[in-house]
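> for reference, the sequence and a predicted model appear below.
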Amino acid sequence: MKKIGMLTSGGDCQGLNATMRGVAKYLFEYYGDSELKVYGFKDGYKGLISNEYDVLTSRDFSGILNLGGTILGTSRVPFKELKNEEGMPRVKQMKETYNLLGLDCLVILGGNGTHKTANLLSEEGLNVVTLPKTIDNDIWGTDMTFGFHSALDVATDVIDRLHSTATSHSRIFIVEVMGHKAGWLNLYAGMAGGVEVILLPEIPYDIDKVVDVLEKRRQQRKRFSILAVAEGVISKEEAKMSKKEFKQARENMRYSNISYRIADEITERADLEVRVTIPGHVQRGGAPCAYDRVLATRFGAKAAELIINKKYGYMVGLKNNKVVPVPLNEVAGKLKTVPLDCDLIKEARNIGISFGD
Ligand code: F6P
């Protein structure tokens with residue numbers, strides 16, 4: 001009897017169920033229903049820590065390809081909470097559950113934090129295979145994460161809808177797109193939505209440069225302007241601050257979101273009417289798009305193949321459109337941000353998109 005544990009950890013995204021389905025379909029196909037037992041741990045690592053799970057049959061993975069969210073539930077267990085003065089009691093608990101159930105492998109779906117913990121479990125001798133989920137596309141070692149394209153479609157739709165109302169009213173609109181540290185989603189959504197200004201966490205912005213773009217468009221009698229702003233953007237002044245100063249400055253900021261501050265900064269400098277739209281978690285909700293369904297299924301099938309071949313300690317990734325295993329220890333602790341010299345930024349600049357720098 002082959003025994004597999006499965007869990008989804010961290011913020012959810014589209015394609016989690018589709019990926020688990022891909023893993024399960026291949027494994028049930030290969031081992032047969034009577035020779036495979038899948039333990040679905042509840043709410044991420046929490047379920048593994050407290051030994052809470054449901055045994056899932058092949059039927060549980062049926063009809064979930066286009067289902068949003070995760071059938072297992074998820075939670076964030078911050079990496080630093082795994083340890084205390086006595087060592088790593090939570091890791092010990094996870095190992096105990098693994099050994100108690102006699103698992104052959106753990107299949108872990110998650111983002112950056114999740115991968116750090118997964119690598120730790122692998123280093124502790126557990127058989128682990130992981131899958132890269134996140135709308136941020138910021139996991140090192142894969143060209144693409146599942147969830148990204150679905151969120152991109154949502155963010156692009158939001159921008160499209162704002163275009164018409166912005167034109168009617170001759171307004172400036174700011175759309176705040178998710179992404180604290182990496183601006184991939186905002187960069188792609190901004191390009192796909194045809195915005196005038198894209199502000200990324202990787203490129204500190206100068207508000208005067210942003211206002212110049214808006215003024216120029218007004219002079220050209222263009223009736224609207226749209227700015228795509230990543231939620232994690234910082235100004236040039238903030239970029240010069242120490243970590244402590246920055247934290248203090250943001251604590252004192254009287255805005256719930258950076259976009260509201262940018263809107264005020266624009267209004268203070270120019271006679272322009274600015275509105276802010278924040279789609280927030282809508283970007284992570286609902287069914288995965290067709291691209292993500294395919295990617296998730298390919299990733300899932302590859303994870304199953306690794307398990308069948310007893311190839312553990314890997315994340316499944318996409319490189320040059322090939323689904324490949326990537327050593328977990330190369331992934332853990334790294335962040336894939338937007339390189340400042342990447343083609344996409346150059347191409348965007350060439351067509352006149354401003355990055356506010
Ligand atoms: O990592 C995915 C993500 O959606 C980020 O883009 C966003 O900053 C964050 O999660 C939001 O986290 P939470 O769901 O905890 O509010």
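The structure has been received and is ready for your questions.
> what's the burial count for the residue nearest to residue 68 when sequence neighbours are not counted?
In this structure, residue 68 finds its nearest non-sequential neighbour in residue 286, 4.6 Å apart by Cβ to Cβ, 6 or more residues apart in numbering. In this view, the C-beta of every residue, glycine as well, is placed from N, C-alpha and C. When neighbours are counted by other Cβ atoms under 10 Å, residue 286 registers 16.
> same question for residue 87.
10.
> what does the chain put close to the ligand?
11, 111, 134, 135, 136, 178, 179, 180, 231, 284 (Cβ under 6 Å from any ligand atom).
> looking at these, spot the one nearest residue 333.
residue 111 (12.6 Å; Cβ to Cβ).
> which residues in this structure form helices?
Using DSSP state H, the helices of the chain run over residues 16-31, 45-49, 89-101, 112-123, 148-169, 184-193, 207-219, 236-239, 243-252, 258-269, 290-308, 328-331, 343-350.
> next, the angle from the first one to helix 148-169.
With axes from the mean of the first three to the mean of the last three Cα atoms, to 10 degrees applied, the angle from helix 16-31 to helix 148-169 works out at 160 degrees.
> which positions in helix 16-31 come out as buried?
Using 16 or more other Cβ atoms under 10 Å as the burial criterion, the residues of helix 16-31 that qualify are 16-28, 31.
> quick one, that helix and helix 290-308 angle?
Angle, helix 16-31 to helix 290-308, by the same axes, to 10 degrees: 40 degrees.
> for helix 16-31, what is the average pLDDT?
When pLDDT is averaged along helix 16-31, the result is 98.
> and what of the longest one?
Taken as a whole, helix 148-169 has an average pLDDT of 96.
> I'd like to know which elements that helix is packed against.
strand 172-177, helix 184-193, strand 225-230, strand 274-277, helix 290-308 (3 or more Cβ pairs under 8 Å, 6 or more residues apart in numbering; DSSP states H and E).
> at 7 Å instead, please
The contact analysis (3 or more Cβ pairs under 7 Å, 6 or more residues apart in numbering; DSSP states H and E) places helix 148-169 against strand 172-177, helix 184-193, strand 225-230, helix 290-308.
> mind saving the C-alpha coords of it as PDB?
The C-alpha coordinates for helix 148-169 follow below in PDB (Å, rounded to 0.1, in the frame of the first residue of the first chain):
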ATOM      1  CA  PHE A 148      -0.600  33.600 -11.800                       C
ATOM      2  CA  HIS A 149      -2.400  33.600 -15.100                       C
ATOM      3  CA  SER A 150      -5.900  33.300 -13.500                       C
ATOM      4  CA  ALA A 151      -5.100  36.300 -11.300                       C
ATOM      5  CA  LEU A 152      -3.700  38.100 -14.300                       C
ATOM      6  CA  ASP A 153      -7.000  37.600 -16.200                       C
ATOM      7  CA  VAL A 154      -8.900  39.100 -13.300                       C
ATOM      8  CA  ALA A 155      -6.700  42.100 -12.900                       C
ATOM      9  CA  THR A 156      -6.800  42.700 -16.700                       C
ATOM     10  CA  ASP A 157     -10.500  42.600 -16.700                       C
ATOM     11  CA  VAL A 158     -10.600  45.100 -13.800                       C
ATOM     12  CA  ILE A 159      -8.400  47.500 -15.900                       C
ATOM     13  CA  ASP A 160     -10.500  46.900 -19.000                       C
ATOM     14  CA  ARG A 161     -13.700  47.800 -17.200                       C
ATOM     15  CA  LEU A 162     -12.100  50.900 -15.700                       C
ATOM     16  CA  HIS A 163     -11.100  52.100 -19.100                       C
ATOM     17  CA  SER A 164     -14.600  52.800 -20.200                       C
ATOM     18  CA  THR A 165     -15.700  54.700 -17.100                       C
ATOM     19  CA  ALA A 166     -12.400  56.600 -16.900                       C
ATOM     20  CA  THR A 167     -13.000  57.700 -20.500                       C
ATOM     21  CA  SER A 168     -16.600  58.800 -19.900                       C
ATOM     22  CA  HIS A 169     -15.600  61.000 -16.900                       C
END
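> which stretches of the protein have low pLDDT?
Residue ranges of the chain with pLDDT under 70: 84-85.
> what residue spans form the domains of it?
Domain segmentation of the chain under automatic domain parsing yields 2-147+288-331, 149-284.
> okay, the closest residue to residue 58 other than its chain neighbours and the ligand: tell me how far apart.
Closest residue to residue 58 apart from its sequence neighbours, by Cβ to Cβ, 6+ apart: residue 28 at 4.3 Å. Remark: distance between residue 28 and the ligand (Cβ to the nearest ligand atom, to the nearest Å) = 30 Å.
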